[in-house]
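Asks: next comes the sequence, and after it the predicted model I'd like to discuss.
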Amino acid sequence: MSGNKQEEDPRINGIKTKIRVVPDFPKKGIMFQDITTVLLDPKAFKDTIDLFVERYRDKNISVVAGIEARGFLFGPPIALAIGAKFVPLRKPKKLPGETIFEEYELEYGNDRLEMHVGAVEAGDRALVVDDLIATGGTLCAAINLLERVGAEVVECACVIELPELKGRQRLKGKPLCMLVEYR
Amino acid sequence: MFAVENGLQGDPRLQAISDAIRVIPHFPKTGIMFQDITTLLLDPVAFKHVIDIFVDRYKHMNISLVAGVEARGFIFGPPIALAIGAKFVPLRKPGKLPGRVISEEYELEYGNDRLEMSMEAVKTHERALVIDDLVATGGTLSASINLLERAGAEVVECACVVGLPKFKGECRLKGKPLYVLVEPSQLD
């Protein structure tokens, strides 16, 4: 896992072979990393969750924050297994209660990530989960939201990293754990 | 059919689940008492009860596919799929899924929306479960059933955490049974 290549867990290659790369989606030039094919293989999906759970179960994580929408596929199973609460970080206007938001940059323009007020408390130890890290903009917004309410972000966890986009450097010094690199 | 009508009468887990759901009045518009399940997700014990009850029901029904409706179906579907050894298939808003998809239109109060599913997700004759957080009109679930059936799956049941009282008894959606844990919570 992560940057440690000495002994790769044998389950990781099984997961990597299940990821489908779709060229020119959503637009020309993008090699889209499709994780839905991992979800179609119960063993690969279970291995993905198990790898993260094994890493985090003894780290006293009290909240798993998942980024809409593909972070919702991986975050809740991890949260359930380690006994943490799950907090969805959502696009604007989806969360019904009082929210705080953090803006982040897209290629053209900005977007916002929202979190419910009161979901995360000062002193919570948080894990942020998404399917993939590219530029790191969304994860950085997630870290900001959690820190603004006084949580400590312990780590970010992603199935896939696109290392050439250097997202790892945009995580405000927080470590990243990923399973599969795509170059 | 509600859980209380099918063997879980008096099960304290159902009260815990109900108590953990927050009601937000007049969201997204006046008159709607929105059932906010995010507070349920903040209670690991209650969240686990939801999954356990569904897993107990479905683990021996030979379900090979759990389909979850974007986005809150993504929260409940995968834990169930993982526990029963089924695959998980996301049913998504238009344009989100890569590759070849099939799509189904359904009615909203004003206008229509579309749900998409990957064409590679389903093998013929697979036994499928559809999951969403809440059922109101049944429009989204009906569209989901259509997608799965068009791809050759057999939809065994639809399951939701919350459902309007009209879904009591032998209520079916497009001929498929519906299983619901709790009725909508009320404001205190």
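Replies: Yes, it's here. Predicted model only: the values in this text are computed from it and were never measured. Numbers count the residues shown, from 1 in each chain, chains lettered A, B, ... in the order given.

Asks: which of the residues in the longest helix anywhere in chain B are buried?
Replies: Counting by DSSP state H, the longest helix found in chain B is helix B:44-58. For helix B:44-58, burial by neighbour count (16 or more other Cβ atoms under 10 Å in any protein chain shown) applies to B:44, B:46-51, B:53-54, B:57-58. Every residue, glycine included, has its C-beta placed from N, CA and C.

Asks: show me what that helix is packed against.
Replies: The helices and strands touching helix B:44-58, judged by 3 or more Cβ pairs under 8 Å, 6 or more residues apart in numbering or on different chains; DSSP states H and E, are helix A:71-82, helix B:12-20, helix B:38-41, helix B:73-84, strand B:154-163, strand B:176-182.

Asks: pLDDT on the third one, on average?
Replies: This points to helix B:38-41. Here helix B:38-41 scores 98 as its mean pLDDT.

Asks: same check on the second one?
Replies: Helix B:12-20 carries an average pLDDT of 98.

Asks: that one near chain A anywhere?
Replies: No. Helix B:12-20 stays out of contact with chain A when judged by Cβ under 8 Å from any Cβ of the partner chain, the minimum separation being 11.0 Å.

Asks: relative to helix B:44-58, how tilted is that helix?
Replies: 130 degrees (axes from the mean of the first three to the mean of the last three Cα atoms, to 10 degrees).

Asks: and the nearest residue to B:Cys171 once chain neighbours are set aside, what's its pLDDT?
Replies: Spatial nearest neighbour of B:Cys171, chain neighbours left out: B:Leu178 (5.9 Å); criterion: Cβ to Cβ, 6 or more residues apart in numbering or on different chains. pLDDT recorded at B:Leu178 is 97.

Asks: now B:Leu178: how far from B:Ile145?
Replies: B:Leu178 sits 10 Å away from B:Ile145, going by Cβ to Cβ, to the nearest Å.

Asks: what's the overlap in contacts for the two?
Replies: B:Cys158 (Cβ atoms under 8 Å, 6 or more residues apart in numbering or on different chains).

Asks: for the closest residue to A:Asn110 other than its chain neighbours, what is the enclosing helix or strand?
Replies: In this structure, A:Asn110 finds its nearest non-sequential neighbour in A:Glu103, 5.1 Å apart by Cβ to Cβ, 6+ apart. Using DSSP states H and E, A:Glu103 sits in strand A:99-105.

Asks: next one: that strand to chain centre, how far?
Replies: Chain-centre distance of strand A:99-105: 17 Å, with Cα atoms, centre = their mean, to the nearest Å.

Asks: which residues touch it?
Replies: Taking Cβ under 8 Å, 6+ apart as the rule, strand A:99-105 contacts A:92, A:110-117, A:137-138, A:140-142, A:144-145, A:148-149.

Asks: could you list everything the nearest residue to B:Leu141 once chain neighbours are set aside pairs with in the sheet?
Replies: Leaving out its chain neighbours, the residue that sits closest to B:Leu141 by Cβ to Cβ, 6+ apart is B:Cys158, at 4.9 Å. Beta-bridge pairing for B:Cys158 (DSSP bridges): B:Val130, B:Leu178.

Asks: count residues in the vicinity of B:Cys158, would you?
Replies: B:Cys158 has 29 neighbouring residues, counting by other Cβ atoms under 10 Å in any protein chain shown.

Asks: do the same with B:Phe2
Replies: Per other Cβ under 10 Å, the neighbour tally for B:Phe2 reads 20.

Asks: tell me the contacts of the nearest residue to it once chain neighbours are set aside?
Replies: Distance criterion Cβ to Cβ, 6+ apart; nearest residue to B:Phe2, sequence neighbours excluded, is B:Val180 at 5.1 Å. B:Val180 is in contact with B:1-3, B:135, B:159-163, B:167, counting by Cβ under 8 Å, 6+ apart.

Asks: how much space between B:Val180 and A:Ala69?
Replies: Here B:Val180 is placed at a distance of 24 Å from A:Ala69 (Cβ to Cβ).

Asks: hey, where'd the helices end up in chain A?
Replies: A:10-18, A:36-39, A:42-56, A:71-82, A:137-148.

Asks: touching stretch A:36-55 from outside, list them.
Replies: So stretch A:36-55 is contacted by A:1, A:9, A:11-12, A:14-15, A:18-20, A:73-74, A:77-78, A:81-82, A:129, A:157, A:159, A:177, A:179, B:78, B:81-82, B:85-90, B:97, B:118, B:120-121 (Cβ under 8 Å, 6+ apart).
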